[in-house]
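In: Sequence first, then the predicted structure:
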Amino acid sequence: MAKILGGRRRPNIIGGLFGWIWLVIILTPIYYMVLASLRTQGDYYKDNPLVPPLKPSMRAYRLVFENDFGRYLLNSAIVTLGAVAILLIVTLMASYVIVRNRGQVAQRLFRVFLLGLAIPAQATIVPLYYMITKMGLYDTLIALVLPSVGFGIPITVLILVNFVRDIPGELFESMTIDGAGNWRTLWNLVLPLSKPAVVTVGIYDALQVWNGFLFPLVLTGKPEVRVLPYSLFTYQGEHGADTPAILAAVVLSALPILAAYIIGRRQLVAGLTAGFGK
Amino acid sequence: MPDKAHAPGAATSRGRSGPSPWLAAPAMAFFGIFAVIPLLGVVYFSFMRWDGMSDMTFAGLDNWKAVFTDSTSLNAMKLSLVVMIISWATQTPVSLLLGVFMAGKQKYRAVLSVLYFLPLLFSSAAIGIGFKAMVDPAFGLASQLRLGFLQRDWLGNPSLAIGTVLFVIGWAFVPFHSLLYQAGVRQIPASMYEAAMIDGAGAWKQFWSITLPQLKYTIATSSTLMVVGALTYFDLFYVMTQGGPGDATRILPLDMYLTGFRSFQMGKASTIAVILVVVGLSLSLGLNRLSGSSRMESQMEGL
């Protein structure tokens, strides 16, 4: 295998060149942003943007933290964890029913969920706004959690069902013979055996919620409930002239995912391409 | 009566028919209330007049007539179509070649692949804001380096803005699609390449006669995601241009948002939303039929 794909006798010069060019395209903006965020405002206007600053300044980062970055980070974490926890619990229960219940209802339900895969969440923003205000949830973090759960269900169910189907039927039957009820079967059989899928799809859902922009834009207004991606946009409005500070916020916003990437690269990549990599 | 029904029959009937459907109720409730009802709501709203605050009134077909006669919305539809086609046509070859490149076993390719992932660490909002600073005509990268030919008002010039955003979209999304292609290439059995080598096929021939045909399902998946995804581009456009200059980058989802939440014509915005849903659904069903008709035949055929 390695010999076929890798060890061609002639080195693949065109392929290599293409790879290095793409690397430059990918890295230049990130390199630029990181360097700019380490400059003072004055240096930003006169330094060569591709040369690291002689004396890196933390001023921009300090400013970002003084402007409630911690709170936005916490809000993002609450919304993401809340939505993902609810999503995984309710979809695991539903997947168990869809796989093991032979009735018509369960199968029809699955088809309804599958149709939901094609609903673009953004297109429903006007009625969602209406519902959330009528429910008195405007400007709350719950307003961001609930629709994220609703729209996360189809893909999460699809991936979990595909996985739960692979659990041998005999295992379910022996659970039933042991007198285990629905909950015990779910907890002692379905959950442990579908853990890899739960992790993968959980990461996928978390990234979706974490990066969400339109829901916070429309369903929240006050700074107390601001989440990270949306806060970047408001920074841009409030500190328009202070580019190093804006870029420091952008760089900081990527650090949590960078940490996740360093800790669990494989899982993150699998989670990102969940369900599409097949 | 209920006691009798529960006693001996219950266990066996559960054994036969599986868990109670009620376990699916919470998922159904969330999906129903926060996805299906808003979806139906958007159809309903498209026949109403509402400014977001005062009472709603029935509007009949007014919103529909308005959308299809309004030059802004018609332009937005055209623009969305252009964005869809161009982003598919540019991202697909780049992602495919990158995927093939990343699937190679050489050490340096593995290292580069780790770095190729970096754009995926950023939210669309972060990417848009970062690029906006970088292409700033006064203090951006090109002007500080005095690169005359790149020193343009990339986002302020109506004829450059859409291309600039399309480039940023490519930067943001190609890494994801190249991961799909990388996974696809790695699933191609090595024996196929061995056979081709014995037949004396070179790298070029192998790419066209093995890699590309074997990737057809990945191409279908990635293309569907790109084409349908193009209908939902919002964050990058909103952050970088807000649709401007003029209406030069006002794509359909942005037109929906601005109509609803800037001009307070929620009915008209919902009409645009219905169009987005219908186009999105037909595209994904259509593409699925187109690519899925032969899905039953094995990918491993001929082994």
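Out: Now that the structure is in, tell me what you want to look at. Just so it is clear, the model here is predicted, and its values are computed rather than measured.

In: and stretch B:271-289, how far out from the chain's middle?
Out: Relative to the mean C-alpha coordinate of its chain, stretch B:271-289 is positioned 12 Å out (CA atoms, centre = their mean, to the nearest Å).

In: Sorry, slip of the keys, the one I care about is stretch A:158-170.
Out: The chain centre lies 24 Å from the centre of stretch A:158-170; the measure is CA atoms, centre = their mean.

In: just stretch B:93-104 next, same as before
Out: How far stretch B:93-104 lies from its chain's middle: 19 Å, per CA atoms, centre = their mean.

In: For it, give the mean pLDDT please.
Out: Mean pLDDT, stretch B:93-104: 92.

In: Any part of that stretch near chain A?
Out: Yes - legend: contact between stretch B:93-104 and chain A by CB under 8 Å from any CB of the partner chain is shown at B:V94, B:L97, B:L98, B:V100, B:F101, B:A103, B:G104. Bear in mind the C-beta positions are built from the backbone N, C-alpha and C, glycine included.

In: Can you list the buried residues in that stretch?
Out: Buried residues in stretch B:93-104, counted by 16 or more other CB atoms under 10 Å in any protein chain shown: B:V94, B:S95, B:L96, B:L97, B:L98, B:G99, B:V100, B:F101, B:M102, B:A103, B:G104.

In: Dump those residues to CSV, plus secondary structure.
Out: Listed next are these as CSV, based on DSSP: H, G, I helix; E, B strand; the rest coil:
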residue, secondary structure
B:V94, helix
B:S95, helix
B:L96, helix
B:L97, helix
B:L98, helix
B:G99, helix
B:V100, helix
B:F101, helix
B:M102, helix
B:A103, helix
B:G104, coil
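
In: any chance of these in a markdown table, with distance to A:D205 too?
Out: Output for the buried residues of stretch B:93-104, formatted as a markdown table (distance: CB to CB, whole Å):
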| residue | distance to A:D205 |
| --- | --- |
| B:V94 | 28 |
| B:S95 | 23 |
| B:L96 | 27 |
| B:L97 | 30 |
| B:L98 | 26 |
| B:G99 | 24 |
| B:V100 | 30 |
| B:F101 | 30 |
| B:M102 | 25 |
| B:A103 | 27 |
| B:G104 | 32 |
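
In: Spell out which residues make up each domain of the chain.
Out: Here I'm looking at chain A. Domains of chain A are assigned by automatic domain parsing as A:10-57, A:68-272.

In: Switch to chain B, please.
Out: What automatic domain parsing lists as the domains of chain B is B:2-45, B:62-287.

In: With A:Y32 as the reference, name the closest of those domains.
Out: domain B:62-287 (5.4 Å; CB to CB).

In: Endpoints of the closest one, how far apart?
Out: 32 Å (CA to CA, to the nearest Å).

In: in terms of contact, does A:Y44 touch A:I246 like I think?
Out: No - using CB atoms under 8 Å, A:Y44 makes no contact with A:I246, being 10.7 Å away.

In: Would you mind telling me which of the two has the busier surroundings?
Out: A direct count of neighbours by other CB atoms under 10 Å in any protein chain shown for A:Y44 and A:I246 places A:I246 higher, at 28 against 24.

In: And the more buried one, how far from A:P256?
Out: Taking CB to CB, to the nearest Å as the measure, A:I246 falls 18 Å from A:P256.

In: got it, and B:Q144?
Out: Distance of B:Q144 to A:P256, computed by CB to CB: 30 Å.

In: Worst mean pLDDT among the domains of chain B?
Out: Lowest mean pLDDT within the domains of chain B: domain B:2-45, a mean of 75.

In: For A:P168, give me the backbone phi and psi.
Out: For A:P168, the backbone dihedrals (degrees, to the nearest 10) come out as phi -60, psi 140.

In: neighbours of it, just the number please.
Out: 9.

In: Please report how far it lies from B:L97.
Out: Distance of A:P168 to B:L97, computed by CB to CB: 42 Å.

In: go on, A:V24?
Out: 16 Å.

In: Relative to A:R265, which of the domains of chain B is closest?
Out: For the domains of chain B, the distance to A:R265 is smallest for domain B:62-287, at 7.4 Å, taking CB to CB.

In: Now for the closest residue in space to A:S95 that isn't next to it in sequence: which residues touch it?
Out: Spatial nearest neighbour of A:S95, excluding adjacent residues (CB to CB, 6 or more residues apart in numbering or on different chains): A:L160 at 4.0 Å. Contacts for A:L160 (CB atoms under 8 Å, 6 or more residues apart in numbering or on different chains) come out as A:T91, A:L92, A:S95, A:S194, A:A197, A:V198, A:V201.

In: secondary structure element for A:L160?
Out: A:L160 belongs to helix A:142-164 when elements are defined using DSSP states H and E.

In: So which bits of that helix are buried?
Out: Per 16+ other CB under 10 Å, helix A:142-164 contains these buried residues: A:143-161, A:163-164.

In: What segments of the stretch 51-200 of chain B are strands?
Out: With strands called from DSSP state E, counting those that start in this stretch, the stretch 51-200 of chain B shows them at B:57-58.

In: Smallest gap between it and chain A, at which residue?
Out: Per CB to the nearest CB, B:K105 is where the stretch 51-200 of chain B lies closest to chain A, at 3.4 Å.

In: how much space between that residue and B:A195?
Out: For B:K105, the distance to B:A195 equals 19 Å [CB to CB].

In: B:S95 too?
Out: For B:S95 relative to B:A195 (CB to CB), the value is 27 Å.

In: ok, now A:L160?
Out: 38 Å.

In: what does B:S20 give?
Out: In terms of CB to CB, B:S20 sits 53 Å off from B:A195.

In: Equivalent analysis for B:F176, please.
Out: For B:F176, the distance to B:A195 - CB to CB - is 32 Å.

In: same deal with B:A172?
Out: 39 Å.

In: Same drill for B:F176 and B:A195, tell me which one is more crowded.
Out: Higher neighbour count among B:F176 and B:A195: B:F176, with 20 against 13, using other CB under 10 Å.

In: Residue 186: how many residues sit nearby?
Out: Here I'm looking at chain A. Neighbours around A:L186, by other CB under 10 Å: 20.

In: sorry, should have said chain B
Out: Neighbours of B:R186 using other CB under 10 Å come to 14.

In: again, but for the one 5 residues further on
Out: Number of residues near B:S191 (other CB under 10 Å) recorded here: 11.

In: again with A:V34
Out: Count around A:V34 with other CB under 10 Å applied: 16.

In: so which strand or helix has the closest residue to it other than its chain neighbours?
Out: Setting aside the residues directly before and after it, A:V34 is nearest to A:V251 in space (CB to CB, 6+ apart), at 5.8 Å. Per DSSP H and E: A:V251 is located in helix A:243-263.

In: What residues of that helix count as buried?
Out: Of all the residues in helix A:243-263, those buried under the rule 16+ other CB under 10 Å are A:243-254, A:256-257, A:260-261.

In: Out of the residues you listed, which is nearest to A:P229?
Out: Checking these against A:P229 with CB to CB, the nearest one is A:S253 at 6.9 Å.
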